[in-house]
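Student: just to be clear, the model below is a prediction. Sequence and coordinates:
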Amino acid sequence: SQTIHQWPATLVQPVGSPLSLECTVEGTSNPNLYWYRQAAGRGLQLLFYSVGIGQISSEVPQNLSASRPQDRQFILSSKKLLLSDSGFYLCAWRPSAAGELFFGEGSRLTVL
Amino acid sequence: RKEVEQDPGPFNVPEGATVAFNCTYSNSASQSFFWYRQDCRKEPKLLMSVYSSGNEDGRFTAQLNRASQYISLLIRDSKLSDSATYLCVVSPNTGGFKTIFGAGTRLFVKA
């Protein structure tokens, strides 16, 4: 069966520090991968999606970036965090362009 | 206009009540529709897909009205465990890869 792993689960970072969140999917190949952010009390905001290795589409201009170095690995990064980057980051996958999204357990980021 | 709009609530209902949520979407080319449930500080999880003919899963019934571009979720005989945020989710046609989430409707079921 397919599983999705996301880490770290929780982190507290100072403003201006770098960020790296990692997500891996097991049990499938060539998944569509997504990064969402959910600010406190808000809906999910699509940040990036990827349909293949090295193929990244960005939905919102920001100081975040994403990379897909391997088929089942998706990384969210920042060189310098802002206070506004605080939130709940969710990685998700699905086997094709349509259908159900499966989420990782999320990474809760607090920028101080 | 937001791509997917939901009444944020909160809806406060007693156990056993019937509650209905609506969701409207702006992209008439949308093809796939879902309701997700999100518990506090947890990831969203699929509650049910929404089919053109409507579908039911136990106490939950989902309806799609393409002409009016809205989706509904009906929960009958509410349980305390139904307390959560319910997210309306819309995907465009198969040529696109974006899935848009509504901001969610908060439900509190009280004893």
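Tutor: Cool, got the structure. Numbers count the residues shown, from 1 in each chain, chains lettered A, B, ... in the order given.
Student: up against chain B, what does chain A have?
Tutor: Contact residues (CB under 8 Å from any CB of the partner chain) of chain A with chain B: A:32, A:34, A:36, A:42-44, A:46, A:49, A:51, A:57, A:59, A:88, A:90, A:96-101, A:103-106, A:108. (Each C-beta comes from the backbone N, C-alpha and C, glycine too.)
Student: if we use 7 Å, what do you get?
Tutor: Within chain A, the positions lying close to chain B (CB under 7 Å from any CB of the partner chain) are A:32, A:42-44, A:46, A:49, A:51, A:90, A:97-101, A:103-106.
Student: buried among these? Need that as a selection in ChimeraX.
Tutor: Here is the ChimeraX command that selects the buried residues among the residues of chain A next to chain B (16 or more other CB atoms under 10 Å in any protein chain shown):
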select /A:32,43,44,46,49,90,97,98,100,101,103,104,106
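Student: now, the residues of chain A next to chain B that are in helices?
Tutor: Using DSSP state H, no member of those falls within helices.
Student: can you show me the strands along chain B?
Tutor: B:4-6, B:11-14, B:19-25, B:32-38, B:45-50, B:55-57, B:60-65, B:70-75, B:84-91, B:100-101, B:105-110 (DSSP state E).
Student: closest one to chain A among those?
Tutor: Of all the strands of chain B, it is strand B:100-101 that lies closest to chain A, at 4.1 Å by CB to the nearest CB.
Student: residues in contact with the closest one?
Tutor: A:43-44, B:3-4, B:87, B:89-90 (CB atoms under 7 Å, 6 or more residues apart in numbering or on different chains).
Student: and that strand, how far from the chain's centre?
Tutor: 11 Å (CA atoms, centre = their mean, to the nearest Å).
Student: with stretch A:29-48 instead?
Tutor: For stretch A:29-48, the distance to the chain centre is 6 Å (CA atoms, centre = their mean).
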